[in-house]
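Asker: Could you work out the structure for the sequence below:
(2 chains)
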2 protein chains.
Amino acid sequence: MLNKQFFPTVFKRAFASKKKVPRKMSTAPTTEFSREALESVLKRRFFFAPAFEIYGGVSGLYDYGPPGCALQANVIDTWRKHFVLEEDMLEVDCTMLTPHEVLKTSGHVDKFADWMCKDAKTGEIFRADHLVEEVLEARLKGDKEARGIKDEEPEEEDENKKKRKKKVKEIKAVKLDDEVVEEYKTILAKIDGFSGPELGQLMIKYNIGNPVTGEPLEQPVEFNLMFETAIGPSGQLKGYLRPETAQGQFLNFNKLLDFNNERMPFASASIGKSFRNEISPRSGLLRVREFLMTEIEHFVDPECKNHSNFDAVKDIVISLLSKEVQQQGKTDILKITIGEAVSQGIIDNQTLGYFIGRIYLFLIKIGVNPEKLRFRQHMANEMAHYAADCWDAELQTSYGWIECVGCADRSAYDLSVHAAKTKEKLTVKEALKEPITVEEFECDIEKKKFGPLFRKDAPKVEEWLSTRTQCELEDLAKELESKLKISAKIPQMEGEVEIPKDLVKIEKKKKTVHIREYTPNVIEPSFGIGRIIYAIFEHSFWTRPEDSARAVLSFPPLVAPTKVLVVPLMNNKELQQATTVVKSTLRKAQIPFKVDDSGASIGKRYARNDELGTPFGITVDYDTIEDGSVTLRDRDTTAQVRGSLADVVAAVENITYKGLSWAEGTKNLKPFESKSEE
Amino acid sequence: MLNKQFFPTVFKRAFASKKKVPRKMSTAPTTEFSREALESVLKRRFFFAPAFEIYGGVSGLYDYGPPGCALQANVIDTWRKHFVLEEDMLEVDCTMLTPHEVLKTSGHVDKFADWMCKDAKTGEIFRADHLVEEVLEARLKGDKEARGIKDEEPEEEDENKKKRKKKVKEIKAVKLDDEVVEEYKTILAKIDGFSGPELGQLMIKYNIGNPVTGEPLEQPVEFNLMFETAIGPSGQLKGYLRPETAQGQFLNFNKLLDFNNERMPFASASIGKSFRNEISPRSGLLRVREFLMTEIEHFVDPECKNHSNFDAVKDIVISLLSKEVQQQGKTDILKITIGEAVSQGIIDNQTLGYFIGRIYLFLIKIGVNPEKLRFRQHMANEMAHYAADCWDAELQTSYGWIECVGCADRSAYDLSVHAAKTKEKLTVKEALKEPITVEEFECDIEKKKFGPLFRKDAPKVEEWLSTRTQCELEDLAKELESKLKISAKIPQMEGEVEIPKDLVKIEKKKKTVHIREYTPNVIEPSFGIGRIIYAIFEHSFWTRPEDSARAVLSFPPLVAPTKVLVVPLMNNKELQQATTVVKSTLRKAQIPFKVDDSGASIGKRYARNDELGTPFGITVDYDTIEDGSVTLRDRDTTAQVRGSLADVVAAVENITYKGLSWAEGTKNLKPFESKSEE
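Answerer: Below you'll find the model as predicted:
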């Protein structure tokens, strides 16, 4: 059942697969955006940091500090409300520790691997495909330099390329033969398609070694990306840290179906950490060894993938990059409603379209820039043989277009393999409205002759015959017809077993059926939360035109780490009392806030919190003591309005949690002219 | 620094340590409570289930199904609001994968272990202390039988004992000598205090072998309870799954202090999974290999552990079991206010008292029965040598009193060891209001003579001298005085190094100091969420007196998995429309609800949801179509009231999220006489 095609798609779900986007694509990053400036803010304000930094750090592992952690918690809370609660999904929380057998069945033990090669001298380890890619690219660049050709437009940066390039210490301006240039280009165009041994051949043919020293490397070997451990004291129960949350959901299918009163379709959902032992992780939050993901498994009747709530999303206009366009080597975006895309067959079915719409709405809600969001369809060669369709939500960042959400129609693969392995049925039984007549192969055994011939093995042979599929029975019927016997390998019996024609009859028979039994298909939206959060950082970041040192992170209030900064004009007794009232009012309304009563100027205090993405400021001044009024400041425009504390808090609540705009939310408050923010 | 005393306390934090409670204690479980009935509901309604059940399961690993998962999410949400938001804590999310070096420094690599012994024949593995305990207890029981003595009162069930006992296949009625009975009792009284070799000696002396076969076992060996793995492709970076979330918080101390604008005191907090490779886990959710925990590290000035908000908790009356009472072999509970307990010195300091109060309020809020909650102080022999005080919140269940929250004053241990290992200062610098004069030992080196004597080793000797503590300098000064030289082992130098008196002067000197630098102490409340949830199951479970088959889980509305069950009287078009209005109103108010439009009777539909702990029911009937009114039902009393949809939804909101009682919340609604619930 497993073929090579299977894995690229399945394991994209782990959110760390290579990008498969055609490489020469024009991007239009805002000219003002500076990744360095953003990174400096994220580090300084402890959104996140390398884990174990005082011990020198471990690559691919990051800790979230207070603002990053609050942002993440709010994104997760929004996700849970948007999907689990609104859609009535069945959330489950399964263990990360997973025994060998489960991941053997799912295919991960055998195939969840990358190819690596080792420098025997230095001990350095390289990921083979990345290595070949970066060396050939460096040579092509050197060739261009030697030919005096300037890069006409800056090549789009693949998510990892920028940092990887640094590993090739210096690019030598060496002219290559024209044929060699063409060969290199051909290889690079299909770099994702080579097997390990093929990469090894390329390394020999083109003399690709350690990019720094030039020394030859050992041939590529497979490296399984799962973290292995032993469960229990005997050391004999091998286990892994799960590479995805999906398997736990599949294994609980029967319990979930029962919980749902046997009704179809339904969806389960999980929120949790998964793990992937990357060979050499870089690119910050985009490629990590431990990551938070959310996954939905929507179980659906394979014969009807319509969605009862499809109308709610059908008019949403999305940017699509279809497989046809990509196969023509183009990247033209199609702006189209989801309804149209489904009816034109661009998106395979309503359920898939429905989730694409829901994913779109979720991403916009948490701060993704809709201009920097596209849905890219997998091309035929990326897609598993059984998959009907697969779309990735990609977000544009300074690293290029990044796959952040996968949305695949995965057919019945996982339920089928686990059912076959455990002999536990993972199916749905549905009473038919009208009984139907079906023609099916049936196998009748001549019991009287069976016993004498096979003796103690007779039950094994019977068991084997009774567990053949319809296809197999059809073949066996033909074999009986032509050879007058069946020859087969039967479990726990030695050699080839022969069953003569007079012992068994295999015929097509008409049957009346009252129950339809089927294995559901699965539509799986799968979210890499760390990648999404990184994209939100980039999409939200800007600096004030009047002062590029004043950075702002314009998170939507809903997900902002803190909603309100309370700023008493001065730090003295009188204002402290008034501040206490503001604090207890906010606390009662359950609005997360911070107080800054430091001696810094009001402007400076706000600027510090603009960097943290705090959307509102409430200033407490001497008028507050007089009449109970406070000033409300908007982070993005620095506009201020004034009103009673109750009205201001209501405005904050309405804008943050009920989706009102600033204008709508503050229409009862008076504009307020402040002194300059400096 | 590490001594044996250290570990029992530290590792209690992993929430899986043995109970240390005196055993003979009278418990008063409600006579009606049946663990079997509860377990049947929890299983049937998929609150949780063994993980990988279709593969046969793995002991100590459980999955949470939809209601368990929602309950857990609500408990966590409440925890975050109660602690992180209300107390302005700095939440961090650190990785679970942790490199060897960090856990070597913290002491876990060497000491985070239990003693196990193996049956060489069968391969079975036993935890040594549990084994000795259960065999001796079985023999004592057999002795009683032989003597014809009945157990006067059922012995309290230790958390694990019930299930463990099953392993001793049959208890033989064999009379023991009176002295042997006394020896066994003495051993059992201090079973937690034996080392592995001592347990081995007991096994030999009393001929304790495999409890089923009686065959002798191998001597106990230490088994480290951390799951080990390798990080990265080389296999050389050894790592573990964290056994607690605390270490990540300690390692980020400097970043957190900076984030807090260098202000003290402050607290960090973490929510996440930790892991413990139990030797043979049983007792369901009480002893698991992967568990959700929440931990607070409150960093405080060791010289002042007062708490600015102590007044908010000082009048709370709690049940205390102090160490003095326990040391007298008693279990008398002292009911006392926290303020009194601190001022009498029963609780060591205000900060500890403050957190005990906050823990109390949190547990009550999420559904713990205050009658079944006590705070038990660690006895001197349980407590680490550096700890000032340590209290466990224990919850009474059918397994006995279970440690669910630890609250320890951990002094400066962790920050100190990590700072020493990494040479990274983890301290607070505080400008003194007035400079002070201190007397300190100082070490002056005669540089001219140093170089010629030690040559290339001179810097090593200087470095060594300059890093001595005040205590060490005092000793060295005495040594110089008496022996006219210092003899010492110095890192990276061979043998004993001698420093003659004329090369070095060590004297006490007066100094003016403007800055005070100190390593903060840590007060650590640490919550085992799975254990707390299990206790809530028991505390919330009852059956209706009129029908013991009708089980109810009376979760507080705040944490109940679903808040409202919407029940249309009939499943027809007319009522469907009215139901849609109810649904969209609830959705807009963000109140989690489910609809049951099955054909079952109203009473049956409510009964099904009483088992799920759904606190409210809204019935949609033909009057709803007429006048827009609906009926609101209370789960616990089955009382019903009626009013407009808006008023009913407001009542649900006020009771669920604003803490109003049923009577307060429904005072504007009219009592409603329903037909019987059947």
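Asker: make it CA atoms for all contacts and neighbour counts henceforth
Answerer: Noted.
Asker: near chain B, which residues of the stretch 351-500 of chain A?
Answerer: Within the stretch 351-500 of chain A, the residues that sit near chain B (CA under 8 Å from any CA of the partner chain) are A:422, A:424.
Asker: what ranges do the strands span in the stretch 351-500 of chain A?
Answerer: In the stretch 351-500 of chain A, the strands defined using DSSP state E, counting those that start in this stretch lie at A:373-377, A:390-397, A:400-409, A:428-445, A:485-489, A:496-500.
Asker: What segments of the stretch 51-200 of chain A are helices?
Answerer: Listed in chain order, the helices of the stretch 51-200 of chain A (DSSP state H, counting those that start in this stretch) span A:66-79, A:100-106, A:108-111, A:128-147, A:161-165, A:178-189, A:196-205.
Asker: what sits against whichever residue of the stretch 351-500 of chain A sits closest to chain B?
Answerer: Using CA to the nearest CA, the single residue of the stretch 351-500 of chain A nearest to chain B is A:Thr422, 6.2 Å away. Contact analysis of A:Thr422 by CA atoms under 8 Å, 6 or more residues apart in numbering or on different chains lists B:54-55.
Asker: measure it to A:Asn74 for me?
Answerer: 39 Å (CA to CA, to the nearest Å).
Asker: I'd like the strands of the stretch 351-500 of chain A as CSV, with mean pLDDT appended.
Answerer: Output for the strands of the stretch 351-500 of chain A, formatted as CSV (pLDDT from 0 to 100):
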stretch, mean pLDDT
strand A:373-377, 96
strand A:390-397, 96
strand A:400-409, 93
strand A:428-445, 89
strand A:485-489, 90
strand A:496-500, 89
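Asker: Make JSON lines out of the ones you listed and add distance to B:Asn572 and mean neighbour count.
Answerer: JSON lines is the format used below for those (distance: least, CA to CA, whole Å; neighbours: other CA atoms under 10 Å in any protein chain shown):
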{"stretch": "strand A:373-377", "distance to B:Asn572": "40", "mean neighbour count": "24"}
{"stretch": "strand A:390-397", "distance to B:Asn572": "38", "mean neighbour count": "24"}
{"stretch": "strand A:400-409", "distance to B:Asn572": "34", "mean neighbour count": "26"}
{"stretch": "strand A:428-445", "distance to B:Asn572": "19", "mean neighbour count": "14"}
{"stretch": "strand A:485-489", "distance to B:Asn572": "57", "mean neighbour count": "16"}
{"stretch": "strand A:496-500", "distance to B:Asn572": "58", "mean neighbour count": "14"}
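Asker: Below-threshold pLDDT in chain A: ranges please.
Answerer: Applying pLDDT under 70 to chain A flags residues A:1-31, A:151-170, A:381, A:383-386, A:674-678.
Asker: Could you verify my assumption that A:Pro525 touches A:Met293?
Answerer: No: in this structure, A:Pro525 is not within contact of A:Met293 by CA atoms under 8 Å, at 10.7 Å.
Asker: Which of the helices of the stretch 51-200 of chain A sits closest to B:Thr437?
Answerer: With CA to CA, the closest approach to B:Thr437 among the helices of the stretch 51-200 of chain A belongs to helix A:66-79: 38.5 Å.
Asker: Pull out the buried positions in the closest one.
Answerer: Using 16 or more other CA atoms under 10 Å in any protein chain shown as the test for burial, helix A:66-79 gives A:66-76, A:78-79.
Asker: picking up where we left off before, could the strands of the stretch 351-500 of chain A go into CSV alongside distance to B:Leu361?
Answerer: Listed next are the strands of the stretch 351-500 of chain A as CSV, based on distance: least, CA to CA, whole Å:
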stretch, distance to B:Leu361
strand A:373-377, 45
strand A:390-397, 44
strand A:400-409, 40
strand A:428-445, 46
strand A:485-489, 67
strand A:496-500, 72
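Asker: Can you tell me what sits against stretch A:356-371?
Answerer: Stretch A:356-371 is contacted from outside by A:75, A:78-79, A:82, A:313-314, A:316, A:318, A:338, A:393, A:395, A:407, A:535-536, A:539-540, A:555-556, A:558-559, using CA under 8 Å, 6+ apart.
Asker: what do you get if the cut-off is 7 Å, keeping everything else the same?
Answerer: Defining contact as CA atoms under 7 Å, 6 or more residues apart in numbering or on different chains, one finds that stretch A:356-371 is touched by A:75, A:82, A:313, A:316, A:536, A:539, A:555-556, A:559.
Asker: Where helices are concerned, which of these count?
Answerer: A:75, A:536, A:539 (DSSP state H).
Asker: got CSV for those residues, with distance to B:Ile366 too?
Answerer: Compiled in CSV, these are given as follows (distance: CA to CA, whole Å):
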residue, distance to B:Ile366
A:Val75, 24
A:Ile536, 34
A:His539, 39
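Asker: give me the subset of those touching chain B.
Answerer: Counting by CA under 7 Å from any CA of the partner chain, nothing from those sits close to chain B.
Asker: so A:Lys449 touches A:Leu503, yeah?
Answerer: Yes: contact criterion CA atoms under 7 Å: A:Lys449 and A:Leu503 qualify, at 6.3 Å.
Asker: Could you list everything A:Glu228 pairs with in the sheet?
Answerer: On the basis of DSSP bridges, A:Glu228 is bridged to A:Tyr240.
Asker: Count residues in the vicinity of it, would you?
Answerer: Neighbour count for A:Glu228, taken as other CA atoms under 10 Å in any protein chain shown: 22.
Asker: A:Pro615 too?
Answerer: Neighbour tally, A:Pro615, other CA under 10 Å: 27.
Asker: dump the residue contacts of it.
Answerer: Here A:Pro615 is in contact with A:557, A:563-564, A:634-635 (CA under 7 Å, 6+ apart).
Asker: In TSV: those, plus neighbour count, distance to chain B and secondary structure.
Answerer: Output for those, formatted as TSV (neighbours: other CA atoms under 10 Å in any protein chain shown; distance: CA to the nearest CA, whole Å; DSSP: H, G, I helix; E, B strand; the rest coil):
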residue	neighbour count	distance to chain B	secondary structure
A:Pro557	23	16	coil
A:Lys563	22	12	coil
A:Val564	27	13	strand
A:Asp634	17	22	strand
A:Arg635	23	20	coil
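Asker: any idea where the helices of the stretch 251-400 of chain A begin and end?
Answerer: In the stretch 251-400 of chain A, the segments counted as helices under DSSP H, counting those that start in this stretch are A:253-259, A:323-327, A:338-343, A:350-365.
Asker: Which among these is found nearest to A:Arg139?
Answerer: Using CA to CA, the nearest of the helices of the stretch 251-400 of chain A to A:Arg139 is helix A:323-327, at 26.8 Å.
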